[in-house]
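Engineer: My questions concern the predicted model and sequence given below.
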Amino acid sequence: MKIALIPGDGIGPDIIEEAVKVINAVGEKKQISFEFITYLAGGAAIDQTGIPLPEATLEGCKKSDAVLLGAVGGPQWDTLPGHLRPERGLLGLRKGMELFANLRPALLFPQLKAASTLKEEVIGDGIDIMVVRELTGGIYFGDRGRNEEGTRSAYDMETYSEPEIDRITRIGFEIAKKRKKKLTSIDKANILETSRLWREVAERVAKEYPEVELHHMYVDNCAMQLIRNPHQFDVMVTSNMFGDILSDEASMLTGSLGMLPSASLGSGKLGMYEPIHGSAPDIAGQDIANPIAAILSAAMMFRYSFEMEAEAVMIEEAVARVLEAGYRTKDIMEKDMKLVGTKEMGSLIAEEIKKM
Ligand code: IPM
Ligand code: MG
């Protein structure tokens with residue numbers, strides 16, 4: 001298995017190192033060998049090559065079996081023009097590898113119930129929502145620009161084609177079929193034409209999944225319902241922009257941004273896996289960052305790109321056991337728990353795998 005590593009910026013390198021530790025522990029246990037190749041993207045690439053996504057990175061990633069990314073961005077690159085910002089590196093990777101489906105599970109570990117900002121009665125017996133976000137279309141990739149003459153103005157265009165909506169809603173149905181058979185499609189069909197087409201296509205695709213219950217919800221209502229009663233959701237499917245916003249909201253219901261992984265998939269096996277948190281430059285290189293989101297992203301890599309479900313579960317189980325044993329990084333620290341750094345957290349999880 002050839003794994004492309006993009007540590008990126010800020011805490012990216014800290015957490016990727018721990019994910020590699022855990023992947024190697026799985027490899028040792030299961031006699032699988034991995035080839036890791038490190039590439040540049042984001043601010044690190046800007047500093048070394050002048051651009052956020054060198055061609056060698058995209059080419060290398062396309063030739064890999066999977067890509068594991070840390071995080072990109074930081075204040076020192078914030079004043080660069082839009083097309084040279086670190087974020088462009090990430091968007092270029094998604095688009096360049098045609099990773100149109102972004103899976104963002106918001107899962108509350110029972111050990112971390114107290115971390116959620118929601119009241120206990122709202123959380124109930126936990127939170128487990130899968131946000132399926134369209135990732136290579138919509139306003140993120142539409143025509144944009146400015147008119148500088150007269151009164152200045154700017155525009156960003158949202159476009160969705162029928163095939164783009166078809167393939168992402170299909171992923172939503174496929175996942176819903178394997179879970180609670182309930183899919184909520186989020187849009188703004190009372191206003192946006194793209195959303196009206198989205199609904200039509202979702203309804204058509206739904207006919208092929210009679211076992212899945214399809215609901216539609218406006219995005220503003222969804223933002224409210226997520227906090228009021230998160231249990232009404234199981235799988236959500238939505239556009240690039242709405243998915244960006246709602247996945248942040250859903251993740252915070254679990255109270256631990258540092259815990260949540262994501263997978264970006266296309267039509268083949270190649271995928272890119274990354275934590276949903278950012279680069280947290282303020283704590284970079286200090287052995288403080290929580291590596292669990294990166295480690296759980298590696299678990300998703302085993303599940304979706306390698307189709308090795310047992311290995312994915314092994315990693316997830318090891319994380320649960322280490323939490324159960326009371327180990328916490330600073331971001332999820334609670335009274336009477338054992339505070340550990342980035343490296344120790346990674347080692348504990350790797351050790352747990354070796355014990356299995
Ligand atoms: C995310 C991030 C990115 C996005 C940025 C960094 C480009 O917010 O992955 O959610 O907006 O997609
Ligand atoms: Mg985001």
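Structural biologist: That came through, no problem. Ligands and ions are numbered 1, 2, ... in the order given.

Engineer: For the stretch 201-350 of the chain, which segments count as strands?
Structural biologist: 213-218, 235-238, 261-265, 271-275, 327-328, 338-339 (DSSP state E, counting those that start in this stretch).

Engineer: need those in JSON lines with mean pLDDT, can you?
Structural biologist: Formatted as JSON lines, the strands of the stretch 201-350 of the chain follow (pLDDT from 0 to 100):
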{"stretch": "strand 213-218", "mean pLDDT": "98"}
{"stretch": "strand 235-238", "mean pLDDT": "98"}
{"stretch": "strand 261-265", "mean pLDDT": "97"}
{"stretch": "strand 271-275", "mean pLDDT": "97"}
{"stretch": "strand 327-328", "mean pLDDT": "96"}
{"stretch": "strand 338-339", "mean pLDDT": "98"}
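
Engineer: So for Ile139, which of these sits nearest?
Structural biologist: Judged by CB to CB, the one of these that comes nearest to Ile139 is strand 235-238, at 12.5 Å. Just so you know, the C-beta spots here come from the backbone N, C-alpha and C atoms, and that holds for glycine as well.

Engineer: Quick check: Lys335 vs ligand 1, distance?
Structural biologist: Lys335 is 32 Å from ligand 1, where distance means CB to the nearest ligand atom, to the nearest Å.

Engineer: need the contact list for that residue.
Structural biologist: Contacts for Lys335 were tallied using CB atoms under 8 Å, 6 or more residues apart in numbering; there are none.

Engineer: Nearest residue to the residue in the chain that ligand 1 sits nearest to in space, please, no chain neighbours.
Structural biologist: Here the residue of the chain nearest ligand 1 is Glu87; by CB to the nearest ligand atom that distance is 3.8 Å. Once flanking residues are discounted, Glu87 sits nearest to Gly73: 6.1 Å by CB to CB, 6 or more residues apart in numbering.

Engineer: And what about the one you found, helix, strand or coil?
Structural biologist: coil (DSSP: H, G, I helix; E, B strand; the rest coil).

Engineer: For it, give me the pLDDT.
Structural biologist: Note on Gly73: pLDDT of 96.

Engineer: Spell out which parts of the chain neighbour ligand 1.
Structural biologist: Contacts of the chain with ligand 1, taken as CB under 6 Å from any ligand atom, map to Glu87, Leu90, Leu91, Asp244.
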